[in-house]
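Colleague: Sequence and computational prediction follow.
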Amino acid sequence: MDEPDTQQRAWLAERFEADRSRLRAVAYRMLGSPSEAEDAVQEAWLRLNRTDPGGVENLSGWLTTVVARVSLDMLRSRSSRREEPLEARFDEPASAGDDADPEHQALLADAVGPALLVVLDTLAPAERLAFVLHDLFAVPFEEIAPIVGRSPAAARQLASRARRRVQGADSDSAQMAGNARKREVVNAFLTASRAGDFAALLALLDPDVVLRADDAAVRVGALAEVVGAGAVAETFSGRAKHAQLALVDGTPGAVWAAGGKPRIVFDFSIMDGVIVGIELLADAEVLDHLDWQPLPG
């Protein structure tokens, strides 16, 4: 092996290790088993070693897609066999094989509660993947769609169905508090946007926030993608005057409606109290299937 190749492999290993904890969390939330999650992550590493990294524009996104595909295949295989008892997976010690890695133990303990895992296990594999990637990791539906072999609109519907199942089964105070907090963040964002309060907008946005618009929104003047807190805050400062706080498919968001019909929907992804992603949706096919109702601001 020559020196450049050795250096490249060392760089890949370093990049992979930087993403390992997040990949493990994605796989665990998909599979509900620490050992299976570790298998999925290891498979991603093997595939990375067989890939020319020069052709990968976003390595973290590529790894997330690989782990998601591997986890989806494992879920589908599990569904066809149904030979492993539910309790055998969820009762497996989260720290098995990781006594020396307290960060891993904490990650798995915090990743998802047993009650949610039970609910997720009732979902079809594609629904589970769409819900986990979008609602828990803010992956846009344009990236989820090819993984499940559906259109972005269909992927959105998969996540929407899953979300309704999860929210219907999980009505405890933590779930309610999560929705309440998201409503506060979205309402504060709309208030700051209307007032042109740039500083307040920045405080609500993750530094790496991404604003994406679907093709229909782009045709009416939106930018296809805006990256970074400053650029997104600039985009919204002094605007969104006609958008209203709304419950969209069971989760707080915003809608600009005319004649009683939504024209643009603002879908917010929020993690740790800040906005990490905003999707502008104007596609009539998508909007026709959304369940929404206005909320008092």
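Modeller: Structure's in. What do you need?
Colleague: low pLDDT regions in this structure?
Modeller: 1-4, 53, 79-116, 118, 168-178, 297 (pLDDT under 70).
Colleague: List the buried residues of stretch 268-275.
Modeller: Under the neighbour-count criterion of 16 or more other CB atoms under 10 Å, stretch 268-275 has 268, 269, 270, 275 buried. No exception for glycine: its C-beta is placed from N, CA and C like everyone else's.
Colleague: for those, which one is nearest residue 237?
Modeller: For these, the closest approach to residue 237 (CB to CB) belongs to residue 275, at 14.3 Å.
Colleague: Could you look up the SS state of the closest one?
Modeller: Using DSSP: H, G, I helix; E, B strand; the rest coil, the structure places residue 275 in strand.
Colleague: For it, which non-adjacent residue is closest in space?
Modeller: Using CB to CB, 6 or more residues apart in numbering and skipping residues adjacent in sequence, the residue nearest residue 275 is residue 205, 5.2 Å away.
Colleague: Then residue 137?
Modeller: Closest to residue 137 by CB to CB, 6+ apart is residue 26, at 6.1 Å.
Colleague: What helix or strand is the one you found located in?
Modeller: Using DSSP states H and E, residue 26 sits in helix 3-31.
Colleague: Hey, what's the angle from whichever helix or strand comes after that helix to helix 3-31? Just curious.
Modeller: Next along the chain after helix 3-31, taking DSSP H and E as the criterion, comes helix 34-49. Per axes from the mean of the first three to the mean of the last three CA atoms, to 10 degrees, the angle that helix 34-49 makes with helix 3-31 is 150 degrees.
Colleague: Please save the CA atoms from the helix or strand that helix 34-49 is followed by in CSV.
Modeller: Sequence order places helix 59-81 as the next helix or strand after helix 34-49, per DSSP H and E. The C-alpha trace of helix 59-81 is given here as CSV (Å, rounded to 0.1, in the frame of the first residue of the first chain):
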residue,chain,number,x,y,z
LEU,A,59,-19.5,11.9,3.7
SER,A,60,-21.7,12.2,6.8
GLY,A,61,-24.8,12.2,4.7
TRP,A,62,-23.5,9.2,2.7
LEU,A,63,-22.8,7.2,5.9
THR,A,64,-26.3,8.1,7.3
THR,A,65,-27.8,6.8,4.0
VAL,A,66,-25.8,3.6,4.2
VAL,A,67,-26.7,2.9,7.8
ALA,A,68,-30.4,3.6,7.0
ARG,A,69,-30.4,1.3,4.0
VAL,A,70,-28.7,-1.5,6.0
SER,A,71,-31.1,-1.0,8.9
LEU,A,72,-34.1,-1.1,6.6
ASP,A,73,-32.9,-4.4,5.1
MET,A,74,-32.5,-5.8,8.6
LEU,A,75,-36.0,-4.6,9.5
ARG,A,76,-37.5,-6.2,6.4
SER,A,77,-35.6,-9.4,7.1
ARG,A,78,-36.9,-9.4,10.6
SER,A,79,-40.4,-8.8,9.5
SER,A,80,-40.3,-11.7,7.1
ARG,A,81,-38.9,-14.1,9.8
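Colleague: Pull out the buried positions in helix 59-81.
Modeller: If you call a residue buried by 16+ other CB under 10 Å, then helix 59-81 has these buried ones: 59, 62-72, 74-75, 78.
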